[in-house]
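> the following comprises the amino acid sequence and a computationally predicted model.
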Amino acid sequence: MLIDESRVERLVVHRVGNPSRDESLQLSERASSVDDEVSGLLLDGYLKGIVSDKKKHQFFHESELNLNEIYHYSRQFFRGELDFLEVSHRIAKHLYARSQHPNISAGDLLVILFSGLSDGDSSQRGLGVFKSEIRDEFLTLVDSGDVIDIRHATGINPKLIDKGALILENGPTVYAVDRLGHSAKFWLDDFLKAMRVPDAVSSSRMVASVVEQLSSEIEDPVEQSRFKDEVLTLCGTEEEVSTGQLSAAAEKYVPREQVSQAFDSAAESYGFSLDEEARLPAQNVAKRLERTLSKVNIPHGISLLLPSGMTLQNVQSLSDEGELTVTLTLARHD
């Protein structure tokens, strides 16, 4: 997404409390005036801070996409069925209704209409929705002529996004971020209902974490070593590897239900899921696995770091009169 030619067209600010604490929803009845300095801060802070492939998400709904409130309201606005102030009111009301969790803080909601966003082929508009929950403290200087005084002030730092979304005019794509999501994951899950769009980096990281988890669940160290060798060989002989291929390799050593559970758990952690046909750069996956898969857990709480190019063939242990003898048989890869 190219944003060099972007402009701020409209801006309105609402104040959204937490209804569970009897905090109110305060709606502005007109848009705010925006001068060049404010516009520059919004573009350089909020817009530039949210447009990133790592923050790319997609709206979803369990039954039908049009039942996703934020997606539906934004489509109505972009089609000209709602004006800017009305769509901002609907967004604020929806946020207020979803702010019931006790850890959700009150904050200022900025709804911004950007224009001049480009995907390289055409220009489009975007609705920015940013909630500021933390007021920063500043020192300001006041020059009265004979003395320069210093004063205390509080305000919003546009370079530090607490919660944000950029809803694009074309398609269900939304850039989203929740810096404070550790306390209550309502922004992505309940308010936006958006799932992350996987890229090669995040997909490789997610699949690597699944392989590492499954490897740690194989109790026999020899079988564990064979599984690791099979995965690294697969990644070393192919340009791309699918999640289905990795699942099939894992199912030789652990039950299918265990493999499915590991992928489901990773999908919940990473915010996206991959089907069996999803293809990943094999080199990326191998790079992430190389160091961790060289470590093998053997009995008695011992971990072995295998030398490069070596595989574990056999483990024998003998405990006698308080002494433990472990005999390892290693072999070089073919």
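Sure, I can see it.
> residue contacts, L65?
59, 71, 172 (Cβ atoms under 8 Å, 6 or more residues apart in numbering). Yep, even glycine has a C-beta here, placed from its N, CA and C like the rest.
> by neighbour count, which of the residues you listed wins?
F59 (24 neighbours; other Cβ atoms under 10 Å).
> what about L67, how many neighbours?
There are 11 residues near L67, going by other Cβ under 10 Å.
> what are the boundaries of the strands in the stretch 201-334 of the chain?
240-242, 279-281, 295-298, 302-305, 310-320, 323-332 (DSSP state E, counting those that start in this stretch).
> which among these is found nearest to K54?
Closest approach to K54 among the strands of the stretch 201-334 of the chain is made by strand 279-281 (16.7 Å; Cβ to Cβ).
> okay, the strands of the stretch 201-334 of the chain in a markdown table with mean neighbour count and distance to S269 next?
Formatted as a markdown table, the strands of the stretch 201-334 of the chain follow (neighbours: other Cβ atoms under 10 Å; distance: least, Cβ to Cβ, whole Å):
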| stretch | mean neighbour count | distance to S269 |
| --- | --- | --- |
| strand 240-242 | 19 | 21 |
| strand 279-281 | 19 | 17 |
| strand 295-298 | 17 | 22 |
| strand 302-305 | 12 | 24 |
| strand 310-320 | 13 | 30 |
| strand 323-332 | 11 | 34 |
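> S265 is nearest to which of those strands?
The closest of the strands of the stretch 201-334 of the chain to S265 is strand 279-281. By Cβ to Cβ, the value is 18.3 Å.
> what lines up beside that closest one in the sheet?
strand 240-242 (antiparallel) (DSSP bridges).
> quick one: contacts for the closest residue in space to G236 that isn't next to it in sequence?
Leaving aside its chain neighbours, G236 sits nearest to A286 (6.3 Å; criterion: Cβ to Cβ, 6 or more residues apart in numbering). Residues near A286 by Cβ under 8 Å, 6+ apart: 232, 235-236.
> need the pLDDT of A286.
pLDDT for A286: 81.
> measure it to E238 for me?
10 Å (Cβ to Cβ, to the nearest Å).
> L113 now?
46 Å.
> burial measure for the residue nearest to E69 when sequence neighbours are not counted, as a count.
If the residues on either side of it in the chain are set aside, E69 comes closest to H94, at 5.0 Å by Cβ to Cβ, 6+ apart. By other Cβ under 10 Å, the residues close to H94 number 18.
> tell me if I'm right that H94 and Y71 touch.
No: counting by Cβ atoms under 8 Å, Y71 is not a contact partner of H94; they are 11.1 Å apart.
> specify the beta-bridge partners of R10.
Counting by DSSP bridges, R10 is bridged to L113.
> pLDDT score for the nearest residue to H72 once chain neighbours are set aside?
Excluding the flanking residues, the one nearest H72 by Cβ to Cβ, 6+ apart is N66, at 5.4 Å. On the pLDDT scale, N66 is placed at 89.
> sorry, back to before: helix, strand or coil for the residue nearest to E69?
helix (DSSP: H, G, I helix; E, B strand; the rest coil).
> quick one: residues contacting it.
H94 neighbours (Cβ under 8 Å, 6+ apart): 69-70, 73, 191.
> helix or strand with the lowest mean pLDDT in the chain?
strand 295-298 (a mean of 66; mean pLDDT, DSSP states H and E).
> residue ranges in the stretch 101-250 of the chain under the pLDDT threshold?
Confidence mapping of the stretch 101-250 of the chain against pLDDT under 70 gives the ranges 181-184.
> now the helices: where do they sit in it?
According to DSSP state H, counting those that start in this stretch, the stretch 101-250 of the chain carries its helices in the segments 186, 200-216, 221-237, 243-250.
> can you say which of these is nearest to S99?
Across those (criterion: Cβ to Cβ), the nearest stretch is helix 186, sitting at 7.2 Å.
> now R15, what's its secondary structure?
strand.
> isn't it right next to Q26, touching?
Yes: the pair R15 / Q26 is scored as a contact, 4.0 Å apart, by Cβ under 8 Å.
> rewinding a little: separation between the residue nearest to G236 and E257?
Going from A286 to E257 by Cβ to Cβ gives 27 Å.
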